[in-house]
Every structure is written in structure tokens, then in C-alpha cells.
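need a structure here:
(one chain, ligands or ions: 2)
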Amino acid sequence: MKRPMLTIVVPCYNEEDVLPESARQLTAVLQSLIEEQLIAPESKILFVDDGSQDRTWILINKLMDQNRYVTGIKLARNFGHQKALIAGLETAKEKSDCVISIDADLQDDVGVIRDFVLKYLEGYDIVYGVRNKRKTDTAFKRLTAQGFYRLMKWMGVDLVYNHADFRLMSKRALEELSRYKEVNLFLRGVVAQLGFRTAVVYYDRKERFAGTSKYPLKKMIAFAFDGITSFSVVPIRMITLIGFLSFMISSLAGVYIMISKLTGHADSGWTSMMISIWFIGGLLLMSVGLIGEYIGKIYQETKRRPRYSIETDLYSGRAGKSVQATKLAERR
Ligand code: UDP
Ligand code: MG
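Ligands and ions are numbered 1, 2, ... in the order given. Below you'll find the predicted structure:
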């Protein structure tokens, strides 16, 4: 059987501290897989520079000169983890038989990449890396992450529990993924919907090798919110439900007020008036806001803007004319 060409896609945002070490470890893995004749010798590690402000891109270029497995693309600005990943997957897809995505910070165990490949060779199209425990995360991160999975499940979004974006996908699965044209692509949700033969590989998640998390709480909340609103209409249904309930309650209150008025205890009006105005007002604002959120999504989708722009592509050899220039400029 022809050995598959594997590309490992690594999104990097300000990762100068970990990059050399990640490259070293991933190269070691790739080399041993090549020696074992499990993958093709032209397999690659594709670093996606997501508009870093530090020396990430310069390092990628340097690594490329020293290491024949390393290659890179540079996005035109910071697009965020998900989009950097998609950019990498779509670029890698062209030349690869299978693609593995992994974070730059070495939290995911590079040792299980071999298991991913074995599963692929057995005929699986998607192999999920699933964390055993979360003991290396802070209690806060663990709790928020678990809350997120619960909430998503409750909202009807199927996700693989404790699976981040460490996975293998076959060319076939990636082709299918490319047909999902939505701008607000929530990768984990979409991949879970693709179907195909899937397998799971368990591993222990480690601590970040160096540097700090590029996912502050603000980004985490935005990510969760994006996941929910691009996969679920439950929030809108909730609003309808709350609206209906408050309508029922205010009708009952109305009956009560009428009775008090008829029986002559009428001047109790002010408090309840104020409360209901504020209550309904708040409810309305919240509802309009949430519906606006979905309309905003529709607006973004109808524009069909590109999800990302690649400034320099050293992987496909489709590099823009400025490559030589940037290379020179950045090396100084
Ligand atoms: N990342 C990215 N763009 C961003 C933020 C993060 O490409 O805007 C990358 C980052 O370099 C890393 C991965 O996404 O390789 C996951 O980020 P991080 O490890 O900081 O997240 P955490 O593990 O803390 O959730
Ligand atoms: Mg991390």
C-alpha cells in the first residue's frame, strides 16, 4: 500500500517561546513514523502564523531553512484560533492524504500521533484526541469547560466530550468539511456532524510548555457563544417560552389587580407597576438583543466574505510575490 502523506497543522499566535520545542518534538514524531514506513517521507509540519506580533513568523522561516519537514503559511492578520486552523486544514488538504491538527503549546500529547495514524491506516476518516483528565487545567478552566459541554449538549449541539481540536482527518473528510461554507464555522460542531468512520484516542493533557494561554476568558465566552448561536436555535425558543410565561403571569396579576380594585384596595398600584415595567422592559431588551445576534449572523453569512486571507504560503508554493521581500525584511 502507498504510504499516506501526512501534514500536521499547527496554529500559532505569539508562540515564539514554544515554537522551537514544538518543532523539535513534532519532527521527532514525524521522523520515527517515516522510519517505521507508516507515512510518506514527504510528510510535513505546517505552522500557521495567525498574525502574531512577536517573532513567530521569523522563527518559522528559520526552522524551515534548517528542517526539511517544516513549512508555514502566514495569515494577513490575527483571525483567531478556529480560522487559523481552517486556513491550515484547507491549505494542507491539497497535498495530503490525512491531516492532524494540534496546538503549538504541546499540551496535547504528541505521542498519540502514531495512534492517530494507525487508526487512519485501519480505515478511519476522523480520529478524535480525547483528554483523559483535566488535572493540569486550573479549577476555573475545568469548570467553565465542563459547563460549556453540558450547555452545548442541552442546546442540542453534539460535541465529542473533552475533545479540543487535536484530531486527524482524512482527505475525504476534509473535502466534505470544505463544503461547509459558513463564515462562523464552529469546527468541533461541524466535524462531529460530518459522519464517516470515526475513532477516539485517549491521552493525558499536559501543561502548556511555555508562554501564556492565548485564550483569555473573553475569547472563551465569545467562542462558546459562537458555538451555541451557530448551531442551535434553542435560545430563541427560550425567549418565546419566557415571553409566554410572563404573559401568563401578568394576565393572572391583571385579574388580581382588577379584583383588588373592585373590592376597594386599589392604591397598591405603584410598586407592582414599576416592577412589571422594569421586568418586561428588561425581558424585551434581552430578547431583541438575542434575536439581533442571530440576524447579525445571517448578515455576516450573506456577505460571504472570506474566512481568512493568507499573506504568504510557503507550503503550496503559491507564495505571493512579496515572499522574498518579507523573508528578507523579517530576517534582518
Ligand atoms: N491561537 C491562534 N490564534 C489566536 C489564539 C490562539 O492561532 O487568536 C493558537 C495558539 O497559538 C495555540 C492554540 O491556538 O496553538 C490554542 O491556544 P491556547 O493554547 O493559548 O489555548 P488554551 O489551551 O489555553 O485553551
Ligand atoms: Mg493550550
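
which stretches of the chain form helices?
Assigned by DSSP state H, the chain shows helices spanning 19-35, 56-66, 81-93, 113-122, 139-154, 171-178, 187-194, 217-231, 234-262, 269-303, 323-331.

how far out from the middle of the chain is the third one?
Helix 81-93 has its average C-alpha position 11 Å from the chain's average C-alpha position, going by C-alpha atoms, centre = their mean, to the nearest Å.

Count the neighbours of the closest residue to residue 227 other than its chain neighbours for me.
Once flanking residues are discounted, residue 227 sits nearest to residue 186: 4.6 Å by C-beta to C-beta, 6 or more residues apart in numbering. In short, each C-beta sits where N, CA and C put it, glycine included. Neighbourhood size, residue 186 [other C-beta atoms under 10 Å]: 22.

same deal with residue 12?
As a burial measure, residue 12 scores 28 neighbours (other C-beta under 10 Å).

Any idea what the spatially closest residue to residue 124 that is not a sequence neighbour is bridged to?
If the residues on either side of it in the chain are set aside, residue 124 comes closest to residue 199, at 4.3 Å by C-beta to C-beta, 6+ apart. When bridges are called by DSSP bridges, residue 199 pairs up with residue 127.

Surely residue 118 and residue 36 touch.
No - because the distance of 10.1 Å does not satisfy C-beta atoms under 8 Å, residue 118 is recorded as not touching residue 36.

Which residue of those two possesses the greater neighbour count?
More neighbours surround residue 118 than the other of residue 118 and residue 36, with 16 against 11 (other C-beta under 10 Å).

ok, and what's touching stretch 79-88?
Here stretch 79-88 makes contact (C-beta atoms under 8 Å, 6 or more residues apart in numbering) with 9-13, 46, 48, 50-51, 73, 75, 101, 165, 185-187, 214-215, 219, 223, 307-308, 310.

In strands only, show me these.
Taking DSSP state E, the ones among those that sit in strands are 9-12, 46, 48, 73, 75, 101, 165, 310.

Identify the bridge partners of residue 46.
With DSSP bridges as the rule, residue 46 is bridged to residue 9, residue 71.

Next up, the contacts around it.
Applying C-beta under 8 Å, 6+ apart, the residues contacting residue 46 are 7-10, 71-73, 88, 91-92, 315.

May I see those organised as TSV, with neighbour count and distance to residue 248 added?
Shown next, in TSV, are these (neighbours: other C-beta atoms under 10 Å; distance: C-beta to C-beta, whole Å):
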residue	neighbour count	distance to residue 248
7	28	57
8	28	56
9	28	52
10	28	54
71	22	62
72	25	59
73	27	56
88	28	51
91	24	55
92	28	55
315	24	60
